[in-house]
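Q: okay, predicted coordinates and the sequence, questions at the end:
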Amino acid sequence: MLPEPVPVVAAGWCGRLRRQQLVAVLMLPLASLAHAAFPDFSQVRAAHRPSEAVWLDRHGQPLQVSRIDRSVRRLAWVPLRQIAPVLQGAVIASEDQRFAEHSGVDWQAAAGALVERLQGSPRGASTLSMQLAGLLDADLKPGSDGRSVLQKLAQVSAARGLEQRWSKAQILEAYLNLAPFRGELQGIGAAAAGLFGKQPHGLNQGEAILLAALLRGPNAAADVVARRSCELAAQLKARVGCAYLQGLGAQALAARSNLADIALAPELPALLPLRPGERRKTTLDADLQAFVRDVLQRQIVGLRERNVNDAAAVVLDNASGAVLAYVGNIGRQASASQVDGAAARRQAGSTLKPFIYALAFEQRYLTPASLLDDSPVHLDTPSGLYVPQNYDKNFHGTVSARRALAGSLNVPAVRTLLLTGTAPAFNLLQQLGFNLPYNGDHYGFALALGAPDVTLLQLTNAYRALANGGRYSASSLSGSKPAWRSTAIGTAASWLAADILSDRSARSITFGLENPLATRYWSAVKTGTSKDMRDNWCVGFSRRYSVGVWVGNFSGEPMWDVSGVTGAAPAWLEILNRLHATQPSLPPAAPKGIVPQAIRYRPPTEPPRHEYFIAGTEQTVWQAADSGGNPIRYPGQGEVIALDPDIPASHQQIWLRAERAGEWWLDGMKLGSGANWRWTPSKGKHRLRWQAGQGGASAQLQFEVRAAQ
């Protein structure tokens, strides 16, 4: 319902009757003009497009509101019933006092305007219908010198046409939604929010009067707006005084717009582009998104003194691939708040090791119980000597594959890559969605230590594949169903890798028992630090979620003394704890093809334990090089030594080692004497014998040398 019409102001020197007669004579020819054809009210309302696009979270809650149309600031269409009646009355009083009575043209107001124009004091006489016609038709908009006579005549005809097709309520509603109020603020929704931080239904009388006064001159100076507001308040016999209106106007017009974007996920406009006015539901969870950003901000505050300024995190649902949280940077505190750290390519560090080991399990070159040599190795490459080092700068001798992976030992990882071959390992990473720009030969040995540049989203989703038994599907922000595909990692091999990454005891060889990687529930996790401390990662998964965290500097500047357990891991742990605050994460059952087996080592380099094997690879006793009293310390019984075909054999020499001096024999031929003998490996199976002088104690074993594929 429209507000009550405002009483007509007394006519000037001509008198009301004389004005009406004069206007009737001057404007009579307009009555026969054809009415301009305008769309229906419903069409105009449907065509209305806010300048913003809205991204919703999975529950329909606004997550990100970003302005797309930079030419205007316009919000959603506001129905008349949601606009304060006091504003409707103020607008009619200011712009069209006889709005409820005329049929598009207020002849009385037009006559008065004509007389005042002749006297040199021009004022407008456009009704709300006429003004709306000008807003709807670009041809009716005034130029720098105002509207021409023909435009004015067309505007009158259009207003009469609107009145015949639209109701008064529809005309007022459309006008209030399309009229410019101040600067770029168009429509009552943007004006109420931008100037007063309110919804249109919540405007008080003073705010309504100020907004109505702005319609006459949206960009008028503050003192002009104040004067017009005071005049309108007096006309309405308002409860608010002029001093109040002056203060209200000065505050509202001087302050920055209250139209602040909702920015819980500022990365979304680039990831899921929308047009102005569009609304789209995403897979993100607004509460989780806010929590993850807060965790990262607090973590970076604690790391500033170590020259760490940036962080990013991703949370995925394992079953669907839905992205539940996506934080590309920590916001204004970031070194570059426009950079998306979850999509930026950074060096992966040790986070690629689980895939290399899983491939070796799948190829049956290794089992979790297999023994690997963690001792210094010098490898010549085209770019120079390559000497892998461990995280703790120590070497651990003979270790099982379980401890080597859980403890993130570098030398065993390189030896594992030599077994699998760089080409199969590279192909596996490609199948896991990494889209690496170079081939495996480009990365060489460093593939095992994470030389490739990957994104946090790619890395987290690859770990999600491990959580899903080796099956890969792309992650999704839009809720599309996962398109699963098999990878080169089988279910059994993936399960073994996940089991190792969840093994707190095996991890203790490097990280100790108490660290941010240990959760109260089942989880599998891996850390990684890139060359020169430029990137720090912590990526892992529970039964339901996969979480990846990166910390570092967008500039590539090195961090100072930051490791996996001090950089990204604390944030990873806090996020995963929040996800499992009310729900447990139980260990996944062993899949078909996994065989449990009690094992022991000779000598007991590691305690007896129950281990898991892919069927057909199980073994009870694992013998190290010096086991069972055998004086040969290296190589071990049944050990496989892998060569890289790209490196000359003379540069891949190994040391045959014994506990004391003796004679070395290989395949029936004497090599030489001593406790250690440097030997250039040759491909094939070999029988090695050591003897403590002529007639002395002897020992022998078999081992194999393979060339990497």
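A: Happy to help now that I have it. Numbers count the residues shown, from 1 in each chain.
Q: give me the most central residue, the protein.
A: Tyr326 (3.0 Å; CA atoms, centre = their mean).
Q: using the three-state scheme, assign it.
A: Secondary structure for Tyr326, judged by DSSP: H, G, I helix; E, B strand; the rest coil, is strand.
Q: hey, C-alpha coordinates of stretch 512-527 in PDB?
A: Taking Å, rounded to 0.1, in the frame of the first residue of the first chain, the C-alpha atoms of stretch 512-527 are listed here in PDB:
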ATOM      1  CA  GLY A 512      60.500 -38.600  18.100                       C
ATOM      2  CA  LEU A 513      57.300 -39.900  19.600                       C
ATOM      3  CA  GLU A 514      55.900 -36.500  20.600                       C
ATOM      4  CA  ASN A 515      55.300 -34.100  17.700                       C
ATOM      5  CA  PRO A 516      52.500 -32.400  15.900                       C
ATOM      6  CA  LEU A 517      52.200 -35.300  13.500                       C
ATOM      7  CA  ALA A 518      50.800 -37.600  16.200                       C
ATOM      8  CA  THR A 519      47.000 -37.500  16.500                       C
ATOM      9  CA  ARG A 520      44.700 -39.200  19.000                       C
ATOM     10  CA  TYR A 521      42.900 -40.900  16.200                       C
ATOM     11  CA  TRP A 522      44.000 -42.700  13.000                       C
ATOM     12  CA  SER A 523      45.700 -40.400  10.500                       C
ATOM     13  CA  ALA A 524      48.500 -40.700   7.900                       C
ATOM     14  CA  VAL A 525      50.800 -37.700   7.400                       C
ATOM     15  CA  LYS A 526      54.000 -36.600   5.700                       C
ATOM     16  CA  THR A 527      56.000 -33.400   5.900                       C
END
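Q: re the thing from before, any idea how far Leu87 is from the residue nearest to the centre of the chain?
A: Going from Tyr326 to Leu87 by CB to CB, to the nearest Å gives 40 Å. Backbone N, C-alpha and C define where each C-beta goes, glycine included.
Q: what of Met130?
A: Distance from Met130 to Leu87, by CB to CB: 20 Å.
Q: which residue ranges form the helices in the stretch 301-450 of the chain?
A: Secondary structure of the stretch 301-450 of the chain (DSSP state H, counting those that start in this stretch): helices located at 353-363, 401-406, 410-420, 422-431, 440-443.
Q: tell me the mean pLDDT over the shortest one?
A: For helix 440-443, the per-residue pLDDT values average out at 82.
Q: likewise for the second one?
A: Helix 401-406 shows an average pLDDT of 96 in the prediction.
Q: what helices or strands is it leaning on?
A: Here helix 401-406 touches helix 353-363, strand 371-374, helix 410-420, helix 491-501, helix 504-511, going by 3 or more CB pairs under 8 Å, 6 or more residues apart in numbering; DSSP states H and E.
Q: hmm, 6 Å instead?
A: helix 491-501, helix 504-511 (3 or more CB pairs under 6 Å, 6 or more residues apart in numbering; DSSP states H and E).
Q: the shortest one too?
A: Applying 3+ CB pairs under 6 Å, 6+ apart, one finds that helix 440-443 makes contact with helix 422-431.
Q: which parts of the helix it packs on are buried?
A: 422, 424-429, 431 (16 or more other CB atoms under 10 Å).
Q: again with stretch 563-582
A: Buried positions in stretch 563-582, judged by neighbour count with 16+ other CB under 10 Å: 563-576, 578-580.
Q: convert that stretch to CSV, retaining C-alpha atoms only.
A: Taking C-alpha atoms only, stretch 563-582 is exported to CSV below (Å, rounded to 0.1, in the frame of the first residue of the first chain):
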residue,chain,number,x,y,z
SER,A,563,61.1,-27.7,9.7
GLY,A,564,58.1,-29.8,8.8
VAL,A,565,57.1,-30.2,12.5
THR,A,566,57.5,-26.5,13.4
GLY,A,567,56.2,-24.9,10.2
ALA,A,568,53.1,-26.4,8.6
ALA,A,569,52.5,-29.3,10.9
PRO,A,570,51.0,-27.4,13.9
ALA,A,571,48.4,-25.8,11.7
TRP,A,572,47.7,-29.2,10.0
LEU,A,573,47.1,-30.8,13.4
GLU,A,574,44.8,-28.1,14.6
ILE,A,575,42.7,-28.3,11.4
LEU,A,576,42.4,-32.1,11.5
ASN,A,577,41.6,-32.0,15.2
ARG,A,578,38.7,-29.6,14.5
LEU,A,579,37.4,-31.9,11.8
HIS,A,580,37.4,-34.8,14.2
ALA,A,581,36.3,-33.0,17.3
THR,A,582,33.1,-35.0,17.5
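Q: so where is the stretch 351-500 of the chain shaky, pLDDT-wise?
A: Across the stretch 351-500 of the chain, the ranges flagged by pLDDT under 70 are 376-394.
Q: go again with 80.
A: For the stretch 351-500 of the chain, the stretches with pLDDT under 80 are 375-396.
Q: next, count neighbours for Val91.
A: By the criterion of other CB atoms under 10 Å, Val91 has 26 neighbours.
Q: got the phi and psi for it?
A: phi -70, psi -40 (degrees, to the nearest 10).
Q: look up the closest residue to it, ignoring the ones flanking it.
A: Spatial nearest neighbour of Val91, chain neighbours left out: Ala212 (4.7 Å); criterion: CB to CB, 6 or more residues apart in numbering.
Q: got the contact list for Thr367?
A: Thr367 makes contact with 613, 617 under the criterion CB atoms under 6 Å, 6 or more residues apart in numbering.
Q: change it to 10 Å
A: Neighbouring residues of Thr367 by CB atoms under 10 Å, 6 or more residues apart in numbering: 360-361, 400-402, 496, 597, 599, 611-614, 617-619, 622.
Q: spell out the secondary structure type for Trp690.
A: The three-state assignment at Trp690 reads strand, by three-state DSSP.
Q: tell me how far it lies from Pro631.
A: Trp690 sits 6 Å away from Pro631, going by CB to CB.
Q: please apply the same query to Pro608.
A: 24 Å.
Q: which of the helices and strands packed on helix 401-406 sits closest to Gln458?
A: Nearest to Gln458 among these is helix 491-501 (17.3 Å), distances taken as CB to CB.
Q: nice, that's everything, thank you.
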